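A.B. asks: missing the sequence, but the structure's below:
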């Protein structure tokens with residue numbers, strides 16, 4: 001906010017001005033403070049106007065971590081939810097979804113387990129290979145988000161990570177104290193996780209934002225925001241992609257919507273949507289992508 005002066009004849013008029021963006025255009029809220037004000041009165045009326053502007057902003061903007069959305073923009077995003085439907089999965093369908101999800105989510109992160117090997121691995125009582133351990137671990141995490149009554153919390157996020165990796169990684173269930181970067185196949189740095197010394201603050205804000213805003217967004221939009229922001233933070237030393245995709249489905253399931261499987265063959269498009277969110281605060285590519293994955297998931301599941 002800043003004070004704007006305007007000359008009117010022999011008088012000077014004072015305004016407090018706040019600029020913001022809506023649909024790519026800069027708009028302003030302007031509050032008249034008075035004319036020919038002394039420094040004392042200017043400060044007095046400025047404080048009153050600041051509070052009035054903040055109250056106006058609260059009515060039509062919602063902070064989304066590093067950016068904000070107007071009520072109109074939230075309504076527009078919520079319309080994407082109309083493209084998905086409530087579907088009940090029966091036991092056999094859940095088995096198939098779990099196998100498909102486990103294969104794809106691990107393969108996206110470099111697992112060499114073949115799709116037709118997943119079922120036999122899940123049926124084994126004991127495995128020793130690290131990739132097989134993570135296959136069984138992710139399946140346990142799917143079962144957890146399917147049945148849990150828990151809500152999103154830091155302990156719940158750590159539990160997901162521990163379920164996935166307790167038999168394969170020494171830091172399973174522990175937030176990182178090191179720096180992490182995400183590289184492309186060619187080695188180019190695509191994203192850097194938030195600094196480790198700021199991680200606690202980011203995570204607390206993440207959970208607090210969810211509690212404050214979860215009723216403003218339809219399930220698909222809420223799931224997309226939570227997933228993308230989690231990936232932006234990157235709170236674990238490794239395994240963030242898998243936990244993020246579990247969180248995506250946790251939000252959907254908690255709101256009675258069916259889960260979504262992100263396919264290995266579509267991972268490049270998936271990465272592009274994450275980049276659009278982190279670089280340009282653009283959520284629409286993620287929503288369009290998730291709708292396509294939803295359709296592929298449930299055409300496959302119903303076979």
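C.D. replies: Alright, I've got the coordinates. Since the structure is predicted, the reported quantities are computational estimates derived from the model, not experimental observations.
A.B. asks: C-alpha from now on. contacts and neighbour counts both.
C.D. replies: Will do.
A.B. asks: what about residue 113, which SS state?
C.D. replies: Classification of residue 113 by DSSP: H, G, I helix; E, B strand; the rest coil places it in coil.
A.B. asks: count of neighbours near residue 73?
C.D. replies: 15 (other CA atoms under 10 Å).
A.B. asks: and the helix or strand containing it, what's buried?
C.D. replies: Taking DSSP states H and E as the definition, residue 73 sits inside helix 71-78. Neighbour-count burial for helix 71-78 flags 71, 74, 77, 78 (criterion: 16 or more other CA atoms under 10 Å).
A.B. asks: turn the residues you listed into CSV, including pLDDT and distance to residue 212.
C.D. replies: CSV is the format used below for these (pLDDT from 0 to 100; distance: CA to CA, whole Å):
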residue, pLDDT, distance to residue 212
71, 84, 15
74, 93, 15
77, 97, 18
78, 97, 17
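A.B. asks: list just the nearest of those residues to residue 288.
C.D. replies: Nearest to residue 288 among the buried residues of helix 71-78, counting by CA to CA, is residue 77 at 10.4 Å.
A.B. asks: nearest residue to that closest one other than its sequence neighbours?
C.D. replies: residue 221 (6.8 Å; CA to CA, 6 or more residues apart in numbering).
A.B. asks: residue 70 now?
C.D. replies: Excluding its sequence neighbours, the residue lying closest to residue 70 (CA to CA, 6+ apart) is residue 61, at 4.2 Å.
A.B. asks: distance check, that neighbour against residue 264.
C.D. replies: Distance, residue 61 to residue 264, by CA to CA, to the nearest Å: 36 Å.
A.B. asks: what do you get for residue 243?
C.D. replies: Residue 243 sits 16 Å away from residue 264, going by CA to CA.
A.B. asks: which residue ranges of the stretch 201-303 of the chain form strands?
C.D. replies: Remark: no strands are assigned in the stretch 201-303 of the chain by DSSP state E, counting those that start in this stretch.
A.B. asks: can you pull out the helices in it?
C.D. replies: 219-233, 240-254, 267-280, 284-301 (DSSP state H, counting those that start in this stretch).
A.B. asks: and residue 100, what does it touch?
C.D. replies: 115, 261 (CA atoms under 8 Å, 6 or more residues apart in numbering).
A.B. asks: separation between it and residue 120?
C.D. replies: For residue 100, the distance to residue 120 (CA to CA) stands at 13 Å.
A.B. asks: with residue 289 instead?
C.D. replies: Per CA to CA, residue 289 is found 31 Å from residue 120.
A.B. asks: name the residue in these two with the higher neighbour count.
C.D. replies: Per other CA under 10 Å, whichever of residue 289 and residue 120 has more neighbours is residue 289, with 16 against 8.
A.B. asks: quick one: the more buried one and residue 268 touch, right?
C.D. replies: No: with contacts counted by CA atoms under 8 Å, residue 289 stays clear of residue 268, the gap being 11.1 Å.
A.B. asks: for the residue most central in space within the chain, which non-adjacent residue is spatially closest?
C.D. replies: Central residue of the chain (CA atoms, centre = their mean): residue 226, 2.5 Å from the mean position. In space, residue 226 comes closest to residue 248 once its chain neighbours are excluded; the distance is 6.8 Å by CA to CA, 6+ apart.
A.B. asks: tell me who's in contact with the one you found.
C.D. replies: 223, 224, 226, 227.
A.B. asks: nearest to residue 137, of the residues you listed?
C.D. replies: residue 227 (19.7 Å).
A.B. asks: tell me how far the closest residue in space to residue 230 that isn't next to it in sequence lies from residue 36.
C.D. replies: Leaving aside its sequence neighbours, residue 230 sits nearest to residue 244 (CA to CA, 6+ apart; 6.2 Å). Per CA to CA, residue 244 is found 56 Å from residue 36.
A.B. asks: repeat for residue 181
C.D. replies: Residue 181 sits 55 Å away from residue 36, going by CA to CA.
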